[in-house]
Structure formats: C-alpha cells, structure tokens
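K.L.:
here is a sequence with its predicted model. Questions after.
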Amino acid sequence: FALLLAGGIPVWMTLRAGRAIRRRLRDAAACPPPGSWPEVCMVLPCRGANPDLETNLRTLLEQDYPCFSALLVTTGDDASLPLLRRLASDYPARARLVLAPQTETAAQKLTNQLAALDCAPASAEVYAFVDTDGQAGSGYLKSMASALGRDRTVGLVTGWWWYLPERSAFWGFVRSCWSAGAIPFLFDRRWNIASGGSMLVRREVFEACGARARWRHAISDGLSLAQAVKEKGLEVRFVPEATIVSKIPADFAGALEWTNRQATISHVYMPRFWRATAVAYALQVGGLVLALCGGGWALGLWGLAGMLAGYTGLQLANAALMLRLAGGILPAGARKNIEEHRLIYILAAPAATWLYGINVLRSSFSRRIAWGGISYRLVSARETVARSTPTRFFCPPERPEGMRLSKPESETTRRRSAIRAAISS
C-alpha cells in the first residue's frame, strides 16, 4: 500500500492536470477574441550571446499582435549588446535598447527589468516579462493577453517552459522531466506560481501591489510578483498554450546547478510549499524503505523485485502521461522531439525524482545559488546579497555581511599596505 500511495499520487495529479489543460484549451477555442487588444510593453532581459538568441528575439519582435513595443535590456559590458543594437535598428518602430546598471542587492535580471520599466511608454496598459533563452510561438502574446483580459479577478497570467536537451544527452532529459513535474501544481490556486520568464500583468496591478519595491531586493521575479498579486486578492492563472520551448545544456553539472537553484529559491520564497514537498518526498522514500524492509522478509527476493518493479512502473507511467499532456500544448518541433526521444524521457523520470532528493537536502541548509556567473546569498524573500564569484555546490554557512559585494578598503589600510610594501622592498 505504501508503494502504491507513493507512486500513485503523482499519477493522479498528472491526470488531473491533463483534464484541466483540455478544459482550458476548449474554453480558449470557444471564446471569441476581444474587441480591442490592450497595448503591451514587452520587457526582454538579455545576458550573454547564446547561439539561438537572435532567433528567439526576432520571434518575439515579430509577434502576431496589433499593438506592442519591446524593450531590449542588458548591461553595458554584456556580450549580447552588439546584437541588441542591431535589432533595435532593424525594428526602430517597435524595439528600443535600454542599458541597466550593475546591482548588488538583487538578481541582475530584476535590475535590468526595473531599468526597462523606467523607459516604458506611458500608453502601455500591460507589462509582459519574457526571457530570451527560449522560442515563443507567433501567437504567444495573443494567448496571454486574451487570458488576462477576460476576467478582471485575474491579476497575473503565466506560461511555462519546456526544455529540449542539446545533443540528446541523458541529464538534459532529466532536467526537462524535473521541470515538467511542476505543471500539476500550476492549476492549484494555493500553490501555483508564475514563471519569471513568461508573465503578463496589468500595469495598474503591477504598480498597486508594490512589485517595484520587492524586485529591488529579490532574486525571483516570478515568485515575488505572484505573492504580491495574491496578497491583493487576485488570481494567478496558468496559460498552457503559451508554453515556451528552450534548448538547454545536457551535462550533469548544469542540471544539478539549475535544480539546486530552483529548490533554494522555493525554500526562501515559498517555505510552506517547500516543506510540504520535502515531507511528501521523505514519506515517499520512507514508505519505499518500509515496504522493502517490512514486506521483503515475507515475500522474499522475488517479492522485493516485484515491489520495486511496481513502484518504478508507476513512475514511468506518470512520465508517459506527462509527455502525452505536453504533446497537446507544445509546437510541432517540440512534439517531434518528444516522439523521437520518448523512451529516454520516460527512463529519465526516476532519476529526476532522486535528483529532487539531493536538491531538498542541499537547499535545507544552504541559501547560496549561482546564476549567470554571479553568486547570490538569499537572506530572505526581500533581501539578497550578490557576490562576484560563483558559489560551490556545498558551502559552509557564513556570517552575514550586509548588502555590499565586499567591504571597501579604508584609506588607513591602504597607507599601511603601502608602508609594508616599501619596507619589504
């Protein structure tokens, strides 16, 4: 019974999510388009010059939407700057380049977005925050704006990301399965979150809920904005047809760093959800151990093998259901990838489950993450300390040092150092 419970609950949640997605797609198809579309200001933060960046940006700049503008934002020393200058000149009526300052108190991405908002046109009614390391469909903005505009009780709409592994390597599929495991929670109003890389929010809601002040000291734009919107009594709604496809690195180190970052951010911004999932995982592993130890003596070797096979079979069945669910919301290219690598996706699902155990263990005693070449320490949901060097996987706890990258050297210290150097020479 313990094994059936441990493996059956995820299957039930995936089936429920599948029903919700089919209902959402039917409602979207039956609902006529609005009489007028709101003007959207799309904020596109960029960091680094990955090979697909130009394709991703052009897809966003050529959206099938009647009235939108785009703010291409990065720092002055970023590798993406030459490309962004060229795109701003290619789309002069639609795109504008914004340079953001370096930050010490928040994720650089959030500082970039805040700098872009200072340049947003006064006529914009809706803000769209979209990451540029994935490719959105041509109807992305219409799907999101339509979901936001139909119901005034909805304050924020969010899409999701499906990760395509590069070079078809195993750990890329593990990361993709790990991310897909969050989809069933997106339909639960108690636990649902917003993907920081795919959000639309009304301008008036964004300003009224105090999102600017939160972002100045935050690491997660999606979680902090979703919390602020919910505190205003508004709903965060998932738009499955607005899923963005992104290519990801396929090595174990990259998968571990990314999943550790997500788990740590969840621990800081959603402690109740983190504890609930951690307890559920502990009960799942504990139930497996008890079933094997308790039932193994009575059933013998073949009984143990059967119990393990049953538990693993439920995990594989859940992965197969999730792939079927994803096939209904992904574009043709991503569906083809799933069909070609279906078996690998399914076999990667148990590894994603055990990887989550490592993430829970690590995030239970460390609040450090590495992101975009910068190391951050998450003091709380409203305080972040940035460092210039990446963090290690397991780091000992450190004494809080405030909000600066490092303590500035005093004039007295510099004089003493000069005197010592003169004496030693």
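P.N.:
Ah, there it is.
K.L.:
host element of the residue nearest in space to the middle of the chain?
P.N.:
For the chain, Ser195 is the residue whose C-alpha lies nearest the centre (C-alpha atoms, centre = their mean; 5.1 Å). Using DSSP states H and E, Ser195 is not contained in any helix or strand.
K.L.:
quick one: residues contacting it.
P.N.:
Contacts for Ser195 (C-beta atoms under 8 Å, 6 or more residues apart in numbering) come out as Thr158, Gly159, Trp160, Trp161, Gly222. Backbone N, C-alpha and C define where each C-beta goes, glycine included.
K.L.:
how far does stretch 89-105 sit from the chain's center?
P.N.:
When C-alpha coordinates are averaged (C-alpha atoms, centre = their mean, to the nearest Å), stretch 89-105 and its chain have centres 22 Å apart.
K.L.:
just the helices in the chain please.
P.N.:
Assignment of helices within the chain using DSSP state H yields the ranges 2-30, 53-61, 81-90, 108-117, 140-150, 170-180, 203-208, 211-215, 221-231, 252-269, 271-327, 332-340, 342-365, 411-424.
K.L.:
which strands and helices sit next to the first one?
P.N.:
Counting contacts by 3 or more C-beta pairs under 8 Å, 6 or more residues apart in numbering; DSSP states H and E, helix 2-30 packs against helix 140-150, helix 271-327.
K.L.:
and for the shortest one, what's in contact with it?
P.N.:
Residues from elsewhere that reach helix 140-150, judged by C-beta under 8 Å, 6+ apart: 28, 31, 33-34, 37-38, 40, 42, 60, 63-65, 68, 126, 128, 130, 154, 156-157, 159, 198, 200-202, 237, 239, 241-242, 244.
K.L.:
export that helix as PDB, just CAs?
P.N.:
This file holds the C-alpha atoms of helix 140-150, laid out as PDB (Å, rounded to 0.1, in the frame of the first residue of the first chain):
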ATOM      1  CA  TYR A 140       2.200  33.900 -27.700                       C
ATOM      2  CA  LEU A 141       1.200  37.500 -26.800                       C
ATOM      3  CA  LYS A 142      -2.400  37.000 -28.100                       C
ATOM      4  CA  SER A 143      -2.900  33.900 -25.900                       C
ATOM      5  CA  MET A 144      -1.600  35.600 -22.800                       C
ATOM      6  CA  ALA A 145      -3.400  38.900 -23.400                       C
ATOM      7  CA  SER A 146      -6.600  37.100 -24.100                       C
ATOM      8  CA  ALA A 147      -6.400  35.100 -20.800                       C
ATOM      9  CA  LEU A 148      -5.600  38.300 -18.900                       C
ATOM     10  CA  GLY A 149      -8.400  40.400 -20.400                       C
ATOM     11  CA  ARG A 150     -11.400  38.000 -20.000                       C
END
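K.L.:
quick one: buried residues of it?
P.N.:
Going by neighbour count (16 or more other C-beta atoms under 10 Å), the buried part of helix 140-150 is Tyr140, Leu141, Lys142, Ser143, Met144, Ala145, Ser146, Ala147, Leu148, Gly149.
K.L.:
so how far is it from its chain's centroid?
P.N.:
Taking the mean of its C-alpha atoms, helix 140-150 sits 20 Å from the chain's own mean (C-alpha atoms, centre = their mean).
K.L.:
if we can go back for a sec, distance check, the residue nearest to the centre of the chain against Leu225.
P.N.:
Remark: distance between Ser195 and Leu225 (C-beta to C-beta, to the nearest Å) = 11 Å.
K.L.:
can you list the low-confidence ranges for the stretch 51-200 of the chain?
P.N.:
Counting by pLDDT under 70, the stretch 51-200 of the chain has low-confidence residues at 150, 168.
K.L.:
apply 80 and report the result again.
P.N.:
Low-confidence segments of the stretch 51-200 of the chain, defined by pLDDT under 80: 103-106, 150-151, 166-168.
K.L.:
now the stretch 201-350 of the chain
P.N.:
Where the stretch 201-350 of the chain drops into low confidence, which here means pLDDT under 80, it does so at 248-250, 280, 283-311.
K.L.:
follow-up on the earlier one: deepest of the helices and strands packed on helix 2-30, which one?
P.N.:
Among the helices and strands packed on helix 2-30, the stretch with the highest mean neighbour count (mean count of other C-beta atoms under 10 Å) is helix 140-150, at a mean of 22.
K.L.:
that helix to helix 53-61, inter-axis angle?
P.N.:
Orientation of helix 140-150 against helix 53-61 (axes from the mean of the first three to the mean of the last three C-alpha atoms, to 10 degrees) gives an angle of 40 degrees.
K.L.:
hmm, Asn359 and Thr259 touching each other?
P.N.:
Yes - counting by C-beta atoms under 8 Å, Thr259 touches Asn359, with 4.9 Å between them.
K.L.:
tell me the spacing between the closest residue to Leu71 other than its chain neighbours and Glu340.
P.N.:
Using C-beta to C-beta, 6 or more residues apart in numbering and skipping the chain neighbours, the partner closest in space to Leu71 is Ala116 (4.1 Å). Taking C-beta to C-beta as the criterion, Ala116 is separated from Glu340 by 38 Å.
K.L.:
when the two are compared, which one has more neighbours?
P.N.:
Ala116 (26 against 11; other C-beta atoms under 10 Å).
K.L.:
return the residues in contact with the more buried one.
P.N.:
Counting by C-beta under 8 Å, 6+ apart, Ala116 touches Val43, Pro45, Leu71, Val73, Val98, Ala100.
K.L.:
gap between the second one and Gly333?
P.N.:
To tie it back to what came earlier, the one meant is Pro45. 24 Å.
K.L.:
neighbour count for those two, which is higher?
P.N.:
For Pro45 versus Gly333, neighbours defined as other C-beta under 10 Å are more numerous around Pro45 (28 against 10).
K.L.:
quick one: that one and Leu84, what's the gap?
P.N.:
Distance of Pro45 to Leu84, computed by C-beta to C-beta: 11 Å.
K.L.:
which neighbours do the two share?
P.N.:
Thr74.
K.L.:
over to Ala106: give its phi and psi.
P.N.:
In this entry, Ala106 is assigned phi and psi values of phi -160, psi 170 (degrees, to the nearest 10).
K.L.:
fine by me, thanks again.
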